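>>> Sequence first, then the predicted structure:
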Amino acid sequence: MGNMYNDNDQIDSLGIILNAVVPIAAKLRKGEETTGQCPRCGKTMRVSKSGYNGHVWAVCEKCGVLICS
């Protein structure tokens, strides 16, 4: 039993997500949040930067958590 996607699909998906999230996150200060369009499904995606440690979260209203760094 394997994953639903092969490794190349997962890497491609991560690249698409990072290309969408990184420019948005770069504009945020610690403790800020904004919204954008999810690159996977087109629904609303929240991108936030922790006020505590600066970690970035991207959460889609449909897909769930896309990335936490």
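That came through fine.

>>> All the strands of this protein, in order from the start?
Applying DSSP state E to the chain gives strands spanning 33-37, 44-49, 56-60, 64-68.

>>> What's the local residue count around the residue lying closest to residue 56 once chain neighbours are set aside?
The shortest distance from residue 56 to any residue other than its chain neighbours is 4.5 Å, reached at residue 25 (Cβ to Cβ, 6 or more residues apart in numbering). Every residue, glycine included, has its C-beta placed from N, CA and C. For residue 25, the count of nearby residues is 22 (other Cβ atoms under 10 Å).

>>> just the one 4 residues further on next, same as before
The tally of other residues near residue 29 (other Cβ under 10 Å) stands at 8.

>>> That one - nearest residue in space that isn't next to it in sequence?
Closest residue to residue 29 apart from its sequence neighbours, by Cβ to Cβ, 6+ apart: residue 49 at 6.9 Å.

>>> Check what pLDDT the one you found gets.
Residue 49 carries a pLDDT value of 97.

>>> One more: residue 29?
97.

>>> and the residue nearest the centre of the chain, bridged to which residues?
When Cα atoms, centre = their mean is applied to the chain, the residue found nearest the centroid is residue 58 (3.6 Å). Legend: beta-bridge partners of residue 58 under DSSP bridges are residue 47, residue 67.

>>> What are the neighbouring residues in contact with it?
By Cβ atoms under 8 Å, 6 or more residues apart in numbering, the contact list for residue 58 reads 17, 20-21, 25, 45-47, 65-68.

>>> ok, now with 10 Å
For residue 58, the contacting residues are 17-18, 20-22, 24-25, 36, 38-39, 45-48, 65-69, by Cβ atoms under 10 Å, 6 or more residues apart in numbering.
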